[in-house]
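In: Sequence first, then the predicted structure, then my questions.
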Amino acid sequence: MAKSTVKPSRTVSVRLDGESFDQLATIAKVKGTTMGAVIREAIEQHASALMDDPSWIDEVEDLQRRLEPLLPPAPA
């Protein structure tokens, strides 16, 4: 049987100020969806934008270079 590559769902709690909550609730109502779906869509869009941002990629690569000496050696 093939192993699934889909990661299991996680439940998280997010604290929002009143104005942000109202905006989120309004967006969800107007779109006819849940607040969770609006948040997931926003995260997906944000992550996608970061992955296409050369300065973000540079930051990630710089962090990887700085952390590399601290990591254990790869198994042979």
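Out: Done, it's in.

In: Which of the residues in the helix ranked longest in the chain are classified as buried?
Out: When every helix of the chain is counted residue by residue (DSSP state H), the longest turns out to be helix 35-51. By neighbour count with 16 or more other C-beta atoms under 10 Å, helix 35-51 contains the buried residues 35, 38, 39. For every residue, glycine as well, the C-beta is placed using N, CA and C.

In: could you check the angle helix 35-51 makes with the helix or strand residue 66 falls within?
Out: Using DSSP states H and E, residue 66 sits within helix 54-67. Put simply, helix 54-67 runs at 80 degrees to helix 35-51, going by axes from the mean of the first three to the mean of the last three C-alpha atoms, to 10 degrees.

In: so how far is helix 54-67 from its chain's centroid?
Out: Computed by C-alpha atoms, centre = their mean, to the nearest Å, the separation of helix 54-67 from the middle of its chain amounts to 17 Å.

In: what is the mean pLDDT for that helix?
Out: For helix 54-67, the per-residue pLDDT values average out at 95.
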